[in-house]
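Novice: here is a sequence together with a model predicted from it:
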Amino acid sequence: MMPTKVSIFEVGARDGLQNEKAVTTADKLLLIDKLGAAGLTRIEAGSFVSPKWVPQMADSAEIFKRLNKRSGVVYSALTPNLKGLELALDAGADEVAIFGAASQSFSQRNINCSIEESIERFIPVMERASASNVRVRGYVSCVLGCPYEGDIAVSEVARVAEILYKMGCYEISLGDTIGVGTAKNARNMVEAVANKVPVDKLALHFHDTYGQALANILACLETGVSVIDSSVAGLGGCPYAKGASGNLATEDLVYMLHGLGIDTGIELQQLIDAGNSISRAIGRASGSKVALATTA
Ligand SMILES: CC(C)(COP(=O)([O-])OP(=O)([O-])OC[C@H]1O[C@@H](n2cnc3c(N)ncnc32)[C@H](O)[C@@H]1OP(=O)([O-])[O-])[C@@H](O)C(=O)NCCC(=O)NCCSC(=O)C[C@@](C)(O)CC(=O)[O-]
């Protein structure tokens, strides 16, 4: 049954901007503020990863220290290891996320270790976050395909998702990192994972590289999932997945959900303004069809 309410987890300022060169800290802060003003209550604002690996996120501490914290909004950060977690806590992140993968090759290229080694690294992150009363989200990348290995077994996706959930992640976000999934296999994958992790603890994180993300989300909403990650203006991609385009644009997601009578708490026009403003700042057309249509 379709949910009546969907919680949108906005990843544009992190997943989106990690792939954009030369975005100023001021532009990032303005974007994050506009997203909060548009009604987003879950905003991923940066990541505490090696600046040698992802220089675009090197100003994350400054972002967290300077952002205009709105009441009722949770500002979160990616933290691949204990060092990242400590930096995130120090900068005042409300919530953090560990990120693993269902593909060994992607894990190696993205975080420089195997899936098993990543789980070992996550244990002290979970312990330290729990001691600080900070919630941890878990990502699984490559749930519908890997840029290096091709097809990924759904059993492997379910296995990694279950490990992260049992470690204490409050929610598991299932990433179609390269956007290759189609509606039927996306739904099958979510159903397989839901046998191991309660469906109300799952989120969808679908990149739109092949233009399938909205269709895939619609198919998966029928399984009962009610948390969706998206990126304003369709910003982004993953630096370790060549050719991956951005996540589904939040504007397009909100338009579809409102059309279905599903509540998001988001004011669409303000969201479009936020997306158009960052698109202007990075000198590109918005990746949202809804923004392009309404701004034409
Ligand atoms: C994970 C590491 C750090 C391992 O990298 P490593 O080289 O194996 O780590 P290390 O522990 O050997 O440390 C090497 C150097 O990095 C530093 N370092 C170590 N950790 C940190 C840290 N947390 N923050 C800042 N600096 C750090 C550390 O201090 C040291 O500095 P040096 O002594 O050489 O000057 C590295 O591989 C990395 O940063 N990878 C980047 C991963 C990334 O950000 N990928 C993009 C995000 S994931 C994604 O987009 C997918 C997702 C989530 O959206 C879902 C989907 O769509 O699928």
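Specialist: Received, thanks. Numbers count the residues shown, from 1 in each chain.

Novice: excluding chain neighbours, give the residue nearest to Gly179 in space.
Specialist: Take Gly179 and drop its neighbours on the chain: the residue closest to it by CB to CB, 6 or more residues apart in numbering is Thr209, 3.1 Å away. Quick note: C-beta positions are derived from backbone N, CA and C, even for glycine.

Novice: using the three-state scheme, assign the one you found.
Specialist: coil (DSSP: H, G, I helix; E, B strand; the rest coil).

Novice: hang on, it packs against Pro147?
Specialist: No - using CB atoms under 8 Å, Thr209 makes no contact with Pro147, being 10.2 Å away.

Novice: show the model's pLDDT score for whichever residue of the stretch 151-296 of the chain sits closest to the ligand.
Specialist: Relative to the ligand, the nearest point of the stretch 151-296 of the chain is Gly175 (2.7 Å; CB to the nearest ligand atom). Confidence at Gly175, expressed as pLDDT, is 98.

Novice: neighbours around it, how many?
Specialist: 29 (other CB atoms under 10 Å).

Novice: what are the boundaries of the helices in the stretch 101-250 of the chain?
Specialist: Ranges of helices within the stretch 101-250 of the chain are 104-111, 115-131, 154-167, 183-194, 213-221, 250-259, based on DSSP state H, counting those that start in this stretch.

Novice: which strands and helices sit next to the fifth one?
Specialist: Counting contacts by 3 or more CB pairs under 8 Å, 6 or more residues apart in numbering; DSSP states H and E, helix 213-221 is packed against helix 183-194, strand 202-206, helix 250-259.

Novice: mean pLDDT, distance to Leu292 and mean neighbour count added to the ones you listed, as CSV?
Specialist: Shown next, in CSV, are the helices and strands packed on helix 213-221 (pLDDT from 0 to 100; distance: least, CB to CB, whole Å; neighbours: other CB atoms under 10 Å):
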stretch, mean pLDDT, distance to Leu292, mean neighbour count
helix 183-194, 98, 24, 19
strand 202-206, 98, 20, 25
helix 250-259, 98, 9, 23
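
Novice: tabulate those in a markdown table, adding columns for distance to the ligand.
Specialist: Shown next, in a markdown table, are those (distance: least, CB to the nearest ligand atom, whole Å):
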| stretch | distance to the ligand |
| --- | --- |
| helix 183-194 | 13 |
| strand 202-206 | 5 |
| helix 250-259 | 15 |
